[in-house]
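Engineer: Return atomic coordinates for the entry below.
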Amino acid sequence: EGADLFNAYSKIEEDYNKILLPLKDRLATLEQTELTEETKEEIANLSTQVEQKTAELKDKMYELLKQYPNNLYSLNLSQMLELTGDRLNDFEAWLNTWKSEFAENGLMKQVRQYIDTESKLQRNKPFVDFAAKDKDGNEVKLSELAGKGKPVILEIWASWCKACRQGMPHLIEL
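Structural biologist: Numbering: from 1, shown residues only. Model (predicted):
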């Protein structure tokens, strides 16, 4: 079951990897070099190309999986796509048309859990509150900051992450 879908997906992925892998390799190489203005511009250009091609790939994958209802590999592909927003809502409505025999399937349960979690994280939905320590070690809750009339930017980064460090001046500027 799912062989036709798997083969069609593999072909799409193969075609895009011929384009994406060289772009990603070049990007990785540039990120390890000294950052000049020229290098930064090329990194930005390559990043845009990678994002565009990845979005195209995900669009094609999504259209493909929607051609195969009642197919467990469609659920597997949906997890790889990390659906959000309108596409997530569309996908959920589509899943509701599936045969009832899939309702108790473990993979279907995982996908439904993902949909439930992502639905709570969409725009204009109440946020999930959490607490973290600020730079002075004091505990701060998101609810103490959000909804007070000013934007809140949450930036999660790691000191070992070169891309995170490269983006820090832009965050400070913002």
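Engineer: Where does N124 sit: helix, strand or coil?
Structural biologist: When classified by DSSP: H, G, I helix; E, B strand; the rest coil, N124 comes out as coil.
Engineer: That one: neighbour count?
Structural biologist: 4 (other CB atoms under 10 Å). C-betas here are computed from N, CA, C, even on glycine.
Engineer: Ok, D4 next?
Structural biologist: 12.
Engineer: From L171, how far off is it?
Structural biologist: According to CB to CB, to the nearest Å, D4 and L171 sit 46 Å apart.
Engineer: From what I see, Q110 and N76 are in contact.
Structural biologist: No - judged on CB atoms under 8 Å, Q110 makes no contact with N76 at a distance of 9.8 Å.
Engineer: When these two are compared, which one has more neighbours?
Structural biologist: Counted by other CB under 10 Å, Q110 and N76 do not tie: N76 has more neighbours, with 17 against 14.
Engineer: So for the more buried one, what pLDDT did the model give?
Structural biologist: As predicted, N76 sits at a pLDDT of 90.
Engineer: what does the one 3 residues further on give?
Structural biologist: On pLDDT, Q79 comes in at 91.
Engineer: Helix or strand: which one has it?
Structural biologist: Per DSSP states H and E: Q79 is located in helix 72-81.
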